[in-house]
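Peer 1: Need coordinates for the below:
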Amino acid sequence: SRVHSYPLFAGLDAGSTSVKLIVTDGEKELFSAYRLHHGDHFGTIRSILDEAAKKGIRACRALCATGSGRKLAGRMTKADRIKNEITATWRAITKEYPDAGTIIEIGGQDSKLITLEKGEISGFRLNSVCAAGTGSFIQQQASRLGITIDELSSLSLSASEKARFTGRCTVFAETEMVNLQQRGFSAEAIAAGLSDAVCENYLKDLSPGMAMRPPYIFCERVAGVHAMVKSFEEK
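Peer 2: Just a heads-up that it's a prediction; the model follows:
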């Protein structure tokens with residue numbers, strides 16, 4: 001394929017569980033990729049860049065790296081800018097949603113809460129060492145049930161009742177899940193309870209003392225789990 005000759009701009013997000021790349025000419029998207037890295041940031045970034053090159057994208061006018069692995073990504077690509085996730089998320093959200101009041105972001109192993117006032121950051125908080133309010137917790141519990149996250153979400157949305165998870169630690173979730181099953185709760189009820197538990201754990205960890213106000217913007221991979229969106233809407 002031909003090499004693109006016009007100025008291109010690239011954003012590279014090396015996150016806790018995945019790597020994302022987007023290339024644009026300033027108006028339209030020319031290339032994008034989303035890939036789980038399984039601990040190999042370097043190899044995953046290299047494979048995505050190779051994929052872009054095969055499609056004719058071999059250079060760009062400017063590249064910005066972000067995410068928890070942004071320093072490694074920046075060194076690998078000789079990035080023009082290296083920005084933390086708070087700044088990158090804020091800039092993206094306020095461009096698309098200028099009136100946003102609160103940003104709820106839940107990724108694979110980290111989560112963030114950003115509050116805004118007239119488009120500027122008024123406060124932010126990152127999750128503690130506990131992963132009970134993150135995507136990895138949802139993945140872990142879905143695996144224990146032998147289903148995918150999307151299947152877990154579908155079960156949750158079809159539930160007529162919700163099982164209540166009393167603890168907020170990932171370590172005891174499996175024990176509590178077995179206990180709920182033994183007490184006769186259906187898979188649907190347990191799935192619905194898990195969605196609520198993730199939402200509650202996120203809010204308990206991040207929201208105290210934060211001035212959350214609408215409109216609320218929910219982003220990152222977990223925002224694509226419909227059951228989680230419903231739990232946050234209810235809360």
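
Peer 1: pLDDT of stretch 194-212, averaged?
Peer 2: For stretch 194-212, mean pLDDT is 90.

Peer 1: With stretch 80-96 instead?
Peer 2: Mean pLDDT, stretch 80-96: 94.

Peer 1: That one: which residues count as buried?
Peer 2: 82-83, 85-86, 88-90, 93-94 (16 or more other Cβ atoms under 10 Å). (C-beta placed from N, C-alpha, C; glycine too.)

Peer 1: Output the below-cut-off pLDDT ranges for this protein.
Peer 2: Residue ranges of the chain with pLDDT under 70: 1-6, 129-133, 167-172.

Peer 1: rewinding a little: just the buried residues of stretch 80-96: which are in helices?
Peer 2: Judged by DSSP state H, those include 85-86, 88-90, 93-94 as members of helices.

Peer 1: and of those, the nearest to A33?
Peer 2: For those, the minimum distance to A33 (Cβ to Cβ) is 17.1 Å, reached by A88.

Peer 1: unless I'm mixing things up, the closest one is touching T66, no?
Peer 2: Yes. In this structure A88 lies within contact range of T66 using Cβ atoms under 8 Å: 4.1 Å.

Peer 1: shared neighbours of these two, which are they?
Peer 2: Contact criterion Cβ atoms under 8 Å, 6 or more residues apart in numbering; residues shared by A88 and T66: 11, 13.

Peer 1: Please, where are all the helices along the protein?
Peer 2: Under DSSP H, the chain gives helices at 41-54, 70-77, 85-96, 135-144, 149-157, 170-182, 187-206, 226-234.

Peer 1: so which of those helices comes closest to L8?
Peer 2: When the helices of the chain are compared (using Cβ to Cβ), the closest one is helix 41-54, at 9.8 Å.

Peer 1: Measure how far the closest one is from the centre of its chain, please.
Peer 2: Computed by Cα atoms, centre = their mean, to the nearest Å, the chain-centroid distance of helix 41-54 equals 21 Å.

Peer 1: how far away is the closest residue in space to E51 that isn't next to it in sequence from K230?
Peer 2: In space, and not counting its chain neighbours, E51 is closest to A33: 6.2 Å by Cβ to Cβ, 6 or more residues apart in numbering. A33 is 29 Å from K230, where distance means Cβ to Cβ, to the nearest Å.

Peer 1: Could you do L206 as well?
Peer 2: L206 is 19 Å from K230, where distance means Cβ to Cβ.

Peer 1: Specify which residue of those two has the higher count of neighbours.
Peer 2: L206 (23 against 17; other Cβ atoms under 10 Å).

Peer 1: which non-adjacent residue is nearest that one?
Peer 2: Counting by Cβ to Cβ, 6+ apart, the nearest residue to L206 once its immediate chain neighbours are dropped is L113, at 4.1 Å.

Peer 1: is it true that the one you found touches S207?
Peer 2: Yes. Between L113 and S207 there is a contact under Cβ under 8 Å: 6.3 Å.

Peer 1: Many thanks, we can stop here.
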